[in-house]
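[1] Sequence plus the predicted model coming up.
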Amino acid sequence: MRKDDIGCGLFRYMALGASLLNGLWLMGCDRKIEAQQTPKVPEVAIVAIQPQRVELTTELPGRTSAYRIAEIRPQVNGIVQKRLFQEGSDVKAGQLLYQIDPAPFQVAYDSAKASLGKSQANLPSIKLRVERYKEVLADKAVSQQEYDDAAASMEQAHADVEYWKAAVEAARINLGYTRVTAPIPGRIGRSSVTDGALVTAYQPVSLATIQQLDPIYVDVTQSSAELLRLKRNFETGRLSANGKDQKSVQLLLEDGTPYPLAGTLQFRDVTVDPTTGSYTLRIVVPNPENLLLPGMFVRAVVEEGIAEEAILVPQQGVSRTPKGDPVALVVDASGAVQQRMLKLDRALGDQWLLGSGLSAGERVIVEGMLNVRPGAVVKVVSVDGRKAGADASKTNRPPAESN
């Protein structure tokens with residue numbers, strides 16, 4: 001074969017290869033243009049809204065206060081002989097706290113008893129005299145005046161006996177007041193007097209203060225507007241009472257830890273504070289370990305009621321307009337995006353309790369909201385399906401090649 005023939009054959013093969021490459025390149029360009037011209041349907045993740053039964057609670061700030069407080073004051077004048085308790089200790093009702101010098105009160109008591117005995121000793125003779133005068137009065141042996149004087153003496157003797165009986169009782173009470181005892185059980189604070197101090201009856205400064213800490217009160221405040229809202233919800237049927245559990249209250253301590261024992265709502269105050277527009281709720285809480293002390297700040301979780309058909313919306317599915325109004329994007333039956341204006345009640349964990357704006361069964365977009373606008377047609381996947389797909393892609397991912 002000649003060299004010229006070999007060269008022409010190679011040239012023809014090279015020209016044919018170039019033509020094939022050119023055709024393939026043109027086909028790829030056509031596919032790219034076609035793909036660019038075909039719009040991609042955005043994909044969104046949705047959550048179907050369903051009504052559910054929800055127990056509604058609210059956290060209210062409050063402070064603890066003693067269940068009972070007794071300020072110890074003397075009821076007689078005298079010198080304190082001895083203090084009979086340890087400051088900061090627990091005392092029982094009736095326990096002796098202070099002993100005031102009883103000597104002058106013992107003398108007054110003994111003197112009153114002696115005077116009572118003297119009056120009682122004179123009474124029988126006077127009574128017999130009146131009886132004798134009465135027997136001989138008809139015979140004119142005694143005058144009417146003598147009889148009247150004897151009867152008056154007997155009445156006076158009776159009055160003297162009653163007077164000295166009262167004097168003895170008063171002296172006995174004052175003698176008992178020299179023993180200053182605890183009127184209630186609880187924890188006693190510091191003493192304002194020591195042995196040998198002079199005290200006066202009903203002095204303005206208390207000797208000590210006893211506070212009963214088990215149980216203990218928790219006073220929390222709630223706005224009157226919130227009270228009106230709750231009443232309306234009960235009247236309209238949005239909330240229903242939960243029986244005995246309605247009065248059960250849980251506490252959160254200052255550091256955020258829950259208090260182990262539940263309290264009981266005792267009463268709601270009937271007066272609204274005009275300066276704050278709030279009223280007080282009083283809760284009784286068991287405090288056997290004295291963990292709660294008067295004046296501590298706590299938060300009370302009070303149960304408001306039960307919403308039988310509550311609508312909860314994930315917080316990630318709610319956005320805000322430039323004016324701050326809450327809105328949500330939903331996908332209708334045709335696959336188009338619709339915007340809903342919402343009215344929110346409160347946050348419950350990572351969800352909003354809905355007041356109005358959505359109905360049961362509507363599909364709320366929770367992922368992909370930034371890629372869609374109202375009226376757009378979207379491809380819908382559930383949040384659970386998307387998460388499952390993501391987990392599967394991670395599981396089936398081939399291991400990285402090692403060099």
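    Alright, I've got the coordinates. Numbers count the residues shown, from 1 in each chain.
[2] residues in contact with the spatially most central residue of the chain?
    The chain has residue 300 as the residue nearest its centroid, 2.2 Å off, counting by C-alpha atoms, centre = their mean. Listed by C-beta atoms under 8 Å, 6 or more residues apart in numbering, the contact set of residue 300 reads 59-60, 62, 218, 220, 249-252, 263, 281, 283. C-beta: built from backbone N, CA, C; applies to glycine.
[3] redo that, cut-off 10 Å
    By C-beta atoms under 10 Å, 6 or more residues apart in numbering, the contact list for residue 300 reads 57-62, 218-220, 222, 249-252, 259, 263, 265, 281, 283, 285.
[4] What segments of the stretch 251-400 of the chain are strands?
    263-268, 278-285, 297-310, 312-314, 319-320, 326-331, 337-341, 343-348, 351-356, 363-367, 379-382 (DSSP state E, counting those that start in this stretch).
[5] re the thing from before, now the contacts of residue 300: which count as buried?
    By neighbour count, with 16 or more other C-beta atoms under 10 Å, these hold 57, 60, 62, 218-220, 222, 249-251, 259, 263, 265, 281, 283, 285 as buried.
[6] Out of those residues, which two are the most distant from each other?
    Greatest spatial distance among the buried ones among the contacts of residue 300 (C-beta to C-beta): 222 and 259, at 19.2 Å.
[7] Any stretches of the stretch 251-400 of the chain with poor pLDDT?
    384-400 (pLDDT under 70).
[8] quick one: the spatially closest residue to residue 271 that is not a sequence neighbour from residue 227, how far?
    Once flanking residues are discounted, residue 271 sits nearest to residue 279: 6.6 Å by C-beta to C-beta, 6 or more residues apart in numbering. Separation of residue 279 from residue 227 (C-beta to C-beta, to the nearest Å) stands at 7 Å.
[9] got it, and residue 144?
    Taking C-beta to C-beta, one finds residue 144 at 79 Å from residue 227.
[10] Same check on residue 359?
    29 Å.
[11] Among those two, which residue is more densely surrounded?
    The neighbour comparison of residue 359 against residue 227 (other C-beta atoms under 10 Å) goes to residue 227, with 15 against 12.
[12] part of a strand, is that one?
    No. The assignment for residue 227 (DSSP: H, G, I helix; E, B strand; the rest coil) gives helix, which keeps it out of a strand.
[13] which residues does it contact?
    268, 272, 278-279, 281.
[14] tell me the two of those that are most distant?
    Across the contacts of residue 227, the longest distance by C-beta to C-beta is 12.4 Å; it joins 272 and 281.
[15] Show the pLDDT at residue 68.
    On the pLDDT scale, residue 68 is placed at 94.
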